[in-house]
Each structure stands twice: as C-alpha cells, then as structure tokens.
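Asks: return atomic coordinates for the entry below.
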Amino acid sequence: VLFLVCIFQMDTTQESYLDLFPLDAIVYLTPDSENALEDIDPNKVYVLGGLVDESIHKKLTLQRAQEQSLQTARLPIREYMVKTVNTKNYHSETLAINQVFDVLSTYYETRSWPAALKAGVSSGKGYVLPDAVK
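Replies: Below you'll find the predicted structure:
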C-alpha cells in the first residue's frame, strides 16, 4: 500500500508510485545513497524506503531505486551531525520511517537541517549535533 502524504492530507492506494508519478519527479530516500538531501522540492515526490531489519538487507533500498532508475538521496546526517562516543561504539544513519517523516516535516516547517535532525535522530543512533558534544 502506498501512502501519499501532502502536508496534512493523506491518501492510500494499491497503485505503484511508478505508475502515479513521472520517474524524474521521484526521489527515493535511502540511507545508502551518495547524495545528501539539500532541500525539499515541492515538485518532487519523496519515497521513504523502509525495512524492518537493517542488518539483514544492506543496501536493498538503494538497489531497488537503482533498478527502477530513480534519483536517490539520504538525510544529511553526516553533513550536520557528528559521531558521539557511546558504550556500544554504534553509529547508524538508518532511521525508522516515522523518524524520517519527523525529520522531513520539521525541515519543511523550519528550513533548518540541525533542527530537523535533532527532532528525528535519537542519540541512540550514535549521532548528535556538534553543539551537543561536551
């Protein structure tokens, strides 16, 4: 099921996003993309690639996007956040779909990646904003 979310409106359909939108309008968000998302383009459709277990299917969402000849992007976590020391030495840019949605929504409202990433990336991911490092 495809969920279409436009600011405060949501619709569902059984149709594929590939059938609903032109390929050049689709940006597939995957943590494995080499392209950092710089801004949200209101003329683009953002697909949130999602898996239940990130450790089993590495790069699956990137591979799917490439097979469909789609543009890809990732949230700019590396560009705005720093790795923090933690007991597990764990660092992951893979977020749950609701976290990605929170980041995108906050960015859309504030136009601030630091504010958006702070809202959606938990410290348990091993990344923090530079001003949080003490």
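Asks: need phi/psi at the residue nearest to residue 119 when sequence neighbours are not counted.
Replies: Leaving out its chain neighbours, the residue that sits closest to residue 119 by Cβ to Cβ, 6 or more residues apart in numbering is residue 106, at 4.2 Å. Heads up, the C-betas are built off the backbone N, CA and C, glycines and all. Residue 106 adopts backbone torsions of phi -70, psi -40, taken as degrees, to the nearest 10.
Asks: three-state assignment of residue 19?
Replies: Of the three states, residue 19 takes helix under DSSP: H, G, I helix; E, B strand; the rest coil.
Asks: count of neighbours near it?
Replies: For residue 19, the tally of surrounding residues (other Cβ atoms under 10 Å) stands at 8.
Asks: which residues touch it?
Replies: Contacts for residue 19 (Cβ atoms under 8 Å, 6 or more residues apart in numbering) come out as none.
Asks: and the pLDDT at it?
Replies: Looking at residue 19, its pLDDT reads 93.
Asks: now do it against residue 124, distance only.
Replies: 37 Å (Cβ to Cβ, to the nearest Å).
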